[in-house]
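S.K.: Just a sequence and a predicted model for now, questions to come.
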Amino acid sequence: MNSEAKKWYEKAATKNHQISQYLLAKSYHQGDGFFLPWKRSEVVEKLFKASAEGGYPPSMMEYGALLYGKDDIEGFRHWNEQAA
């Protein structure tokens with residue numbers, strides 16, 4: 001993602017635009033951007049959660065997968081049901 005696009009996605013994400021939150025989370029999850037190692041996962045999770053709570057199904061699936069990785073099976077099931 002180029003820096004101009006990233007700037008606009010960040011602005012939209014702060015205004016609770018679910019697709020922008022999702023795209024930023026995917027980009028950061030794939031290694032884009034500069035973060036301290038423990039902050040990257042926090043930011044990714046926060047963005048996926050905000051987008052999922054906003055009703056965007058791909059984010060629901062991604063957030064559910066993150067929860068599954070943390071052994072939160074109830075959270076995983078909840079978000080998969082919401083996405084369906």
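M.R.: Received it, and whenever you're ready, just let me know what you need. Numbering: from 1, shown residues only.

S.K.: quick one: buried residues of stretch 31-41?
M.R.: Neighbour-count burial for stretch 31-41, counted by 16 or more other Cβ atoms under 10 Å, picks out R40. Bear in mind the C-beta positions are built from the backbone N, C-alpha and C, glycine included.

S.K.: Run the chain-centre distance for that stretch.
M.R.: 13 Å (Cα atoms, centre = their mean, to the nearest Å).

S.K.: now it: mean pLDDT?
M.R.: Stretch 31-41 comes out with an average pLDDT of 88.

S.K.: Next secondary structure element downstream of the helix ranked longest in the chain?
M.R.: Identified as the longest helix of the chain according to DSSP state H is helix 37-53. Note on helix 37-53: by DSSP states H and E, the next helix or strand toward the C-terminus is helix 57-69.

S.K.: Tell me what angle the helix or strand that comes right after that following helix forms with helix 57-69.
M.R.: As assigned by DSSP H and E, the chain's next helix or strand after helix 57-69 is helix 73-83. With axes from the mean of the first three to the mean of the last three Cα atoms, to 10 degrees applied, the angle from helix 73-83 to helix 57-69 works out at 170 degrees.
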